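K.L.:
predicted model follows, preceded by the sequence.
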Amino acid sequence: MRARAWWSGQLVADSTAAVRVDLTNEAPVLHFPSADVRFDLLPADGLVRRADGFVAFDHDRVRVEVFDGGDVKRFPTWGDVSDLVDLLDVRPDGTARYVSTCRSDWRRPVVEGSQMLGQAIVAASRHASGRRVVSAHMVFPRAADARRPLQFDLDEVSAGRTFTTVGARVRQAGRCCATGTLLLDVTAPDVIRHAVDPPDVPGPDVCDPVDMAVTGRDIRVADGAYTGDPDAPVGPPVLDAWVRFRDLPADPCLHAGLLAQFTGHLSIAAALRPHAGIGQDAAHRTLSTAINAISLSLHAEVRADRWMLYHHQSTYAGDGMTHAECRVHDEAGALLASFTVEAMVRPFPQGAATDGRTSL
């Protein structure tokens, strides 16, 4: 990838040989070769020198950008889409048991519920080979630590000629973090067919990019509707986002898992949008927000390396909870999936607000 650094409006570094270094419980650092840095444009304290011919910028003072072939991402990033694939691609660990790798987020090392849903879809697909997950429901009763692997225990409830039902329980250090049920099918020829039309929104080429700190993944939101600013103009409780994961392996269950992984990202933001004086930036600062349950129906084979339109509509907010009814269409308008999200939006108890770090 190409990396650039900007200081006071001037390009001070441009390189295709920068090196990323991941640190434990700290933000990663991008080291530029000294030969690619314009030292004459920098103040004396604008970078950290290294003895091996590389320099690293203070990311709070110098704008560092990564060009991954899609939308520009500002560094530090969480990681790459290949890291997401590695997380979702759970490994067998005995009979009906799978384990994940782990990749911590220095800002807030909490595993997303939608990540566990995507991992459970991959695990069930590996378990019942030749069948496609058509329905998955999961609740998330306890937070999971992103710095530690997860264990997925599957319970095959039934396995008939066409359908398989699997219970899934996600554990970490012996504690249950998520539980749910998945239905798999061999599918069959149509007897009838219809599907709801996609929302009437602009295509991805004319929508605003949104940087969520993952290279290899592009997100573009219609009408500039995604903002964490509490002073942003209010709007309907709807968010439409185009999402594409690039350079993926040809593995259908990983594509389905990636579709599921994004289902937990924007429903709370849709619920906050109609309310003046409150925004997504308050999450984990003055607002305690979390996804409590996701129910996902997969209607077709998924190609997550092509543009998918996520339509989020928050139909209710109250009593500290929100409900969203959502759909995913491909760029041609075909319906790929439907899902609902139950989430909480509550004030922190007095004095219990966190340090404001946000998760992936």
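P.N.:
Everything's here; your move.

K.L.:
measure Arg148 to Leu272 for me?
P.N.:
The gap separating Arg148 from Leu272 is 31 Å, by Cβ to Cβ, to the nearest Å. All C-beta atoms are positioned from the backbone trio N, CA, C, and that covers glycine.

K.L.:
which of those two has more neighbours?
P.N.:
More crowded of Arg148 and Leu272, by other Cβ atoms under 10 Å: Leu272, with 26 against 14.

K.L.:
what's the closest non-adjacent residue to the more buried one?
P.N.:
Closest residue to Leu272 apart from its sequence neighbours, by Cβ to Cβ, 6 or more residues apart in numbering: Ile278 at 5.7 Å.

K.L.:
can you tell me the SS state at that neighbour?
P.N.:
Three-state call for Ile278 (DSSP: H, G, I helix; E, B strand; the rest coil): coil.

K.L.:
who's in contact with it?
P.N.:
Pro230, Leu272, Leu287 (Cβ atoms under 8 Å, 6 or more residues apart in numbering).

K.L.:
from the residues you listed, which is closest to His299?
P.N.:
Leu272 (28.4 Å; Cβ to Cβ).

K.L.:
model confidence for the closest one, exactly?
P.N.:
You'll see Leu272 listed with a pLDDT of 94.

K.L.:
ok, now how distant is it from Gly79?
P.N.:
Noted for Leu272: a distance of 27 Å to Gly79, by Cβ to Cβ.

K.L.:
so what's the residue count around the nearest residue to Val214 once chain neighbours are set aside?
P.N.:
Nearest in space to Val214, with sequence neighbours left out and distances taken as Cβ to Cβ, 6+ apart, is Trp78 at 5.7 Å. Look at Trp78: counted by other Cβ under 10 Å, it has 20 neighbours.

K.L.:
now do Leu184
P.N.:
25.

K.L.:
for it, give me its contacts.
P.N.:
Ala124, Ser125, Ala128, Arg131, Arg132, Val133, Val134, Phe163, Thr164, Thr165, Val166.

K.L.:
switch the cut-off to 10 Å
P.N.:
121, 124-125, 127-136, 159, 162-166, 298 (Cβ atoms under 10 Å, 6 or more residues apart in numbering).

K.L.:
now, of those residues, which are buried?
P.N.:
If you count burial by 16 or more other Cβ atoms under 10 Å, the buried members of these come out as 121, 124-125, 127-128, 131-136, 164-166, 298.

K.L.:
from Val196, how far out is Ser295?
P.N.:
Ser295 is 17 Å from Val196, by Cβ to Cβ.

K.L.:
neighbour-wise, which of the two wins?
P.N.:
Legend: neighbour count by other Cβ under 10 Å for Ser295 and Val196, higher for Ser295 (18 against 10).

K.L.:
OK, contacts around the more buried one?
P.N.:
Ser295 is in contact with 117, 135-139, 180-181, 263, 338-342, counting by Cβ under 10 Å, 6+ apart.

K.L.:
emit the PyMOL select command for whichever of those are buried.
P.N.:
If you want just the buried ones from the contacts of Ser295 in PyMOL, going by 16+ other Cβ under 10 Å, the selection is:
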select buried, resi 117+135+136+137+138+180+181+263+338+339+340+341+342
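
K.L.:
in helices, which of the contacts of Ser295 appear?
P.N.:
If you go by DSSP state H, those have Leu117 in helices.

K.L.:
direction included, what does the strand or helix carrying Arg346 pair up with?
P.N.:
For Arg346, the element it lies in under DSSP states H and E is strand 335-347. Paired strands of strand 335-347, with direction, are strand 287-298 (antiparallel), strand 321-330 (antiparallel) (DSSP bridges).

K.L.:
mean confidence for that strand?
P.N.:
In this model, strand 335-347 carries a mean pLDDT of 96.

K.L.:
follow-up on the earlier one: quick one, phi/psi of the residue nearest to Leu272?
P.N.:
Phi and psi for Ile278, reported as degrees, to the nearest 10, are phi -140, psi 140.

K.L.:
can you check Ile268 too?
P.N.:
phi -70, psi -40.

K.L.:
gap between the residue most central in space within the chain and Thr77?
P.N.:
Central residue of the chain (Cα atoms, centre = their mean): Phe262, 4.6 Å from the mean position. Counting by Cβ to Cβ, the gap from Phe262 to Thr77 is 17 Å.

K.L.:
also Asp36?
P.N.:
From Asp36 over to Thr77 the distance is 19 Å, taken as Cβ to Cβ.

K.L.:
more neighbours: which of the two?
P.N.:
Thr77 (22 against 18).

K.L.:
what about that one, helix or strand, and which?
P.N.:
Under DSSP H and E, no helix or strand contains Thr77.

K.L.:
was I right to think it contacts Pro28?
P.N.:
Yes: contact criterion Cβ atoms under 10 Å: Thr77 and Pro28 qualify, at 7.5 Å.

K.L.:
which neighbours do the two share?
P.N.:
Common neighbours of Thr77 and Pro28 (Cβ under 10 Å, 6+ apart) are Arg20.

K.L.:
can I see the domain layout of the protein?
P.N.:
Using automatic domain parsing, the domain parsing of the chain gives 2-77, 84-129+145-185, 204-347.

K.L.:
start to end distance for the first one?
P.N.:
Looking at domain 2-77, the gap from its leading to its trailing residue is 14 Å under the measure Cα to Cα, to the nearest Å.

K.L.:
mean confidence for that domain?
P.N.:
91.

K.L.:
right, and the helix or strand after the least confident helix or strand in the chain by mean pLDDT?
P.N.:
Using mean pLDDT, DSSP states H and E, strand 47-49 stands out as the lowest-scoring helix or strand of the chain, at a mean of 70. The helix or strand immediately downstream of strand 47-49 is strand 54-57, counting by DSSP H and E.
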